[in-house]
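J.: Fold the stuff below for me.
(chains A and B)
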Protein chains: 2
Amino acid sequence: MSLLVTGSIGIDTVKTPHGVSEECIGGAVVYFSMAASFFCPVRFVGVVGDDCPFDLAKLFSGRNVDLAGLEIRPGSKTFRWMGTYHEDMDSRTTDYVELNVLGEAPPKVPTAFKDSRFVFLANTAPKLQHELLDQVAEPEFVAADTMNLWIQGHLDELKALLKRIDCLIINEDEARMLAGDQNLIAAARTILGMGLWVVVIKKGASGSLVCDVDGNIFVLPAYPAEKVVDPTGAGDSFAGGLMGCLAESGRSDFQTLTRAVAYGTVVASYTISDFSLKGLTGITRRDIDDRLAELHKVVKF
Amino acid sequence: MSLLVTGSIGIDTVKTPHGVSEECIGGAVVYFSMAASFFCPVRFVGVVGDDCPFDLAKLFSGRNVDLAGLEIRPGSKTFRWMGTYHEDMDSRTTDYVELNVLGEAPPKVPTAFKDSRFVFLANTAPKLQHELLDQVAEPEFVAADTMNLWIQGHLDELKALLKRIDCLIINEDEARMLAGDQNLIAAARTILGMGLWVVVIKKGASGSLVCDVDGNIFVLPAYPAEKVVDPTGAGDSFAGGLMGCLAESGRSDFQTLTRAVAYGTVVASYTISDFSLKGLTGITRRDIDDRLAELHKVVKF
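T.: Coordinates of the predicted model:
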């Protein structure tokens, strides 16, 4: 089924203990689309300025990603982010952010994309997420991400968004902040009370936790990766694998969701194995399925 | 099969966001024995001073714990520990430690215990762990715990110990310190190179990781507990459930070990649900088996 994603496209500079990657392509919609394209056709919605040095058509060439929703806005500047990962590779410092075009009006959802059944609203201001969602006619399953900035400063708009969507995919610290509870199970229950039917909490190297309104719980460790070069994009690749798997199957029941989370986990493990998108561009669906089988094996008791 | 444990008995004072537990019984051998006694007979070796306010015979009454190795040393003082858990319940500050009797000669292993097949050397100075192990005739499977203090200050004795045992059960930060590697898979491989055949890395609320010399890997999340009151003793209860399960089955192959780690995970989830030993004293083996089935269910995809 059709999968629509809206989110940032960025010029990233990343420092990790393994090296530096300067002015490389990044952004949620880019990682998400690359990850999801292993599973189903992806409808890409994002905006860059006319300074954008990347050829996205080339990047996604041969992949099932429809760039009709890519806007190159004259006179605007592309989003930029610079971050440094600490020795543990699980925490990072943001060195600078230039919102640029992301601080302007959101891109338009093309008419041909308005019938999308599965939708992912990557992290941005809840107001923009509302405006983007307004442009989709009758989505079947909508997931969104958010961050501390919006929880602290735009909570009402965020809470209104949560009533309109099915699933929140969120970092553990942000889940705690949103719920006002340190315990993640309790936090998940509080968040579910805000109107969602399922919440997926991303715990980085510690894996993920899924809770739904029927009391179902699913926990999965991260894939035990020995090679972690650059965690940038892990969360968006995870969401891409997850939503791609759901859209591929056309289902969103809890059992399908557990399998989708496992796929998200596997795709993210490839993302972190190299800088920028290099961990994803060299693999095939076969590699992903093989690693899924491996993940099955390492959690079996 | 027979399971011998040596380790500390303490007078603990614990502060958590849920309250304070003053001068309660604690110590590795106490948590371990209580946890393991759900699975198999336990041979208890530990020492207290004559100031010890606890009736251990009463505590273990009706349980399969042989206290023949409990020494009450005249003129000595019992080990004391005070700690404060932070808001996240996963990190803590040690407010004070009084080694007291733990700084003296180790207790004797009773003659009747010398034929023990499964042995756990809880965290103490490697020199004492050597002396305790010397007193066991032909153990089949020996596991040990250690801590930063011995890694930093007594590394040669610790490394000599690792050549004599089968399994190290260690916290993630200490595994990183011992191996000099931030990545846990890489750290596990380095530690295995020190002469063990298996290493179990405890990651607190993030679960555990097991690696053996044949390249087998097992990862398990923690049981998703909504009620976490006091994490004290979680690691020793985990080890108790793990070793108890191995000794019960009389096996130590990797497959049995994965099941043992799952049992350890479940027992630890009960420990942290209340202060001191209260989370363990009210449950039965049936409760543990039920929760193991639940753990199976929540990790299934």
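J.: Could you use CA atoms for every contact and neighbour count after this?
T.: Will do.
J.: can you give me the strands in the stretch 1-150 of chain A?
T.: All strands of the stretch 1-150 of chain A, identified by DSSP state E, counting those that start in this stretch, fall at A:3-6, A:10-16, A:19-26, A:42-49, A:65-73, A:79-85, A:92-98, A:118-121, A:141-144.
J.: What is the second one packed up against?
T.: Identification of packing neighbours for strand A:10-16 by 3 or more Cα pairs under 8 Å, 6 or more residues apart in numbering or on different chains; DSSP states H and E yields strand A:19-26, strand A:79-85.
J.: I'd like those strands laid out as CSV, including mean pLDDT.
T.: Formatted as CSV, these follow (pLDDT from 0 to 100):
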stretch, mean pLDDT
strand A:19-26, 96
strand A:79-85, 96
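J.: Do I have it right that A:Glu23 meets A:Pro53?
T.: No. Counting by Cα atoms under 8 Å, A:Glu23 stays clear of A:Pro53, with 9.1 Å between them.
J.: Which of those two has more residues huddled nearby?
T.: A:Glu23 (17 against 13; other Cα atoms under 10 Å in any protein chain shown).
J.: so how far is stretch A:273-284 off the chain centroid?
T.: How far stretch A:273-284 lies from its chain's middle: 16 Å, per Cα atoms, centre = their mean, to the nearest Å.
J.: what pLDDT, on average, does that stretch get?
T.: For stretch A:273-284, mean pLDDT rounds to 97.
J.: Show me what it is in contact with.
T.: A:21, A:24-26, A:31, A:34-35, A:38, A:227-233, A:267, A:270-272 (Cα atoms under 8 Å, 6 or more residues apart in numbering or on different chains).
J.: For that stretch, buried residues please.
T.: For stretch A:273-284, a neighbour-count test (16 or more other Cα atoms under 10 Å in any protein chain shown) marks A:Ser273, A:Asp274, A:Phe275, A:Ser276, A:Leu277, A:Gly279, A:Leu280 as buried.
J.: Enumerate the helices of chain A by residue range, in sequence order.
T.: A:28-36, A:56-59, A:126-134, A:148-153, A:155-162, A:172-179, A:184-192, A:234-249, A:254-271, A:278-281, A:285-298 (DSSP state H).
J.: ok, back up a step: for the strands of the stretch 1-150 of chain A, which one ends up most surrounded?
T.: strand A:3-6 (a mean of 31; mean count of other Cα atoms under 10 Å in any protein chain shown).
J.: what about that one, average pLDDT?
T.: On average, strand A:3-6 scores 98.
J.: And it, what does it pack against?
T.: helix A:28-36, strand A:42-49, strand A:118-121, helix A:234-249.
J.: residues in contact with it?
T.: Contacts of strand A:3-6 (Cα under 8 Å, 6+ apart): A:29, A:32-33, A:40-46, A:113, A:116-122, A:132, A:243-244, A:247.
J.: I'd like the distance between the closest residue to A:Val198 other than its chain neighbours and A:Leu242.
T.: Excluding the flanking residues, the one nearest A:Val198 by Cα to Cα, 6 or more residues apart in numbering or on different chains is A:Asp212, at 4.1 Å. Distance of A:Asp212 to A:Leu242, given as Cα to Cα, to the nearest Å: 16 Å.
J.: ok, the two, which is more surrounded?
T.: Neighbour tally, A:Asp212 and A:Leu242, criterion other Cα under 10 Å: the higher count belongs to A:Leu242, 29 against 18.
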